[in-house]
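*Asks:* Give me the fold of what follows.
(4 chains)
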Number of protein chains: 2
Amino acid sequence: MNSVTDLTHPDMSEVSLTGILFALSDPGRLEIVRELADGPLSMAECGMTHPDLPKSTKSHLMKVLREAGVVRNDPEGRGRRLSLRKDELDAVFPGLLDAVLSARTV
Amino acid sequence: MNSVTDLTHPDMSEVSLTGILFALSDPGRLEIVRELADGPLSMAECGMTHPDLPKSTKSHLMKVLREAGVVRNDPEGRGRRLSLRKDELDAVFPGLLDAVLSARTV
DNA sequence: GGTTTGGTTCGAAAGTAATGGAACTATTAG
DNA sequence: CTAATAGTTCCATTACTTTCGAACCAAACC
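*Replies:* Okay, the predicted model is just below:
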């Protein structure tokens, strides 16, 4: 019960706008979100542009995004499946994710 | 030369999306932004719902918003005029501010 | 000029977040 | 069963943020 494979995800009714904005306010986390916008990825596939990033650090970035309600992190085979909670976020905060994703990178 | 009355404001070419998201990710700062969305205010008019907030703290919140490129802070008489840089932000990050301002408060 | 008003900045203390190595867990492959 | 793989969690360290009093500054009024 509540093993490491079954990570908790907040219900959209309890995610806060400021929590989401904070999660997106880190360049590393934002880059992950941009990658996931094209579809789900495993932990290893995600962040390939930073091959030297320690996995504990990447795991922590994911945790912040997950706890803010931005991404899902589900078991898949021996790894994990990371996915953007786009439809749910769009329903609660219309236009926010699109505005962020379509914004200039620099 | 750069007296306390002449605060610096970043050019929109050098404001970052993550910097803006971070500035908006604090409930107190976000509330200030919501107030300024209805038009410019003086420091005293702004944040009337928190009368016991020390002025140094409020000044610091404003500084973060100003340095992120979210608000302007110009001298006006013996006080200051705080204003949202809405048109400029809309031009650089279309839809972002509207999405944030129209989002649910809770 | 002096004083009041409306703020900014400085500095220190407390709180919060990021980082990464080491230990742990779960799944698959052999 | 054992080993390898793919990740999470724990913990300590460091870095950054927040908070607020005290000092400071500039404009307006007398």
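*Asks:* what sits against the residue sitting nearest the centre point of chain A?
*Replies:* Among the residues of chain A, the one closest to the centroid is A:Val71, at 3.4 Å (CA atoms, centre = their mean). Going by CB atoms under 8 Å, 6 or more residues apart in numbering or on different chains, A:Val71 touches A:Ile32, A:Val33, A:Leu36, A:Met62, A:Leu65, A:Leu82, A:Ser83, A:Leu84, A:Arg85. To be clear about C-beta, it is placed using only N, CA and C from the backbone, and glycine gets the same treatment.
*Asks:* Could I have the buried ones of the residues you listed as ChimeraX selection syntax?
*Replies:* In ChimeraX, this line selects whichever of the contacts of A:Val71 come out buried by 16 or more other CB atoms under 10 Å in any protein chain shown:
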select /A:32,33,36,62,65,82,84,85
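*Asks:* who does the residue nearest to the centre of chain A bridge with?
*Replies:* Counting by DSSP bridges, A:Val71 is bridged to A:Leu84.
*Asks:* For the host helix or strand of A:Leu97, which helices and strands make contact with it?
*Replies:* Per DSSP states H and E, A:Leu97 falls inside helix A:96-101. On a contact count with 3 or more CB pairs under 8 Å, 6 or more residues apart in numbering or on different chains; DSSP states H and E, helix A:96-101 meets helix A:17-24, helix A:27-36, helix A:86-92, helix B:96-102.
*Asks:* Quick one: closest of those helices to A:Met48.
*Replies:* Taking CB to CB, helix A:27-36 is the member of the helices and strands packed on helix A:96-101 nearest to A:Met48, at 8.6 Å.
*Asks:* Return the set of buried residues in stretch A:73-89.
*Replies:* Using 16+ other CB under 10 Å as the test for burial, stretch A:73-89 gives A:Asn73, A:Arg80, A:Leu82, A:Leu84, A:Arg85, A:Lys86, A:Glu88, A:Leu89.
*Asks:* and what of stretch A:20-36?
*Replies:* For stretch A:20-36, by 16+ other CB under 10 Å, it's A:20-26, A:29-33, A:35-36.
*Asks:* For the closest residue to DNA strand C within chain A, give its distance to A:Thr5.
*Replies:* Residue nearest to DNA strand C within chain A: A:Ser56 (3.1 Å; CB to the nearest atom of the strand). Per CB to CB, to the nearest Å, A:Ser56 is found 17 Å from A:Thr5.
*Asks:* go on, A:Pro27?
*Replies:* Taken as CB to CB, the span from A:Pro27 to A:Thr5 is 29 Å.
*Asks:* just A:Leu82 next, same as before
*Replies:* Taking CB to CB, one finds A:Leu82 at 14 Å from A:Thr5.
*Asks:* A:Leu89 too?
*Replies:* Applying CB to CB, the value for A:Leu89 to A:Thr5 is 24 Å.
*Asks:* quick one: low-confidence parts of chain A?
*Replies:* Along chain A, the model assigns pLDDT under 70 to residues A:1-4.
*Asks:* Number of residues surrounding the residue lying closest to A:Leu96 once chain neighbours are set aside?
*Replies:* Among residues not flanking A:Leu96 along the chain, B:Ala99 sits closest, at 4.1 Å (CB to CB, 6 or more residues apart in numbering or on different chains). Using other CB atoms under 10 Å in any protein chain shown, B:Ala99 has 19 neighbouring residues.
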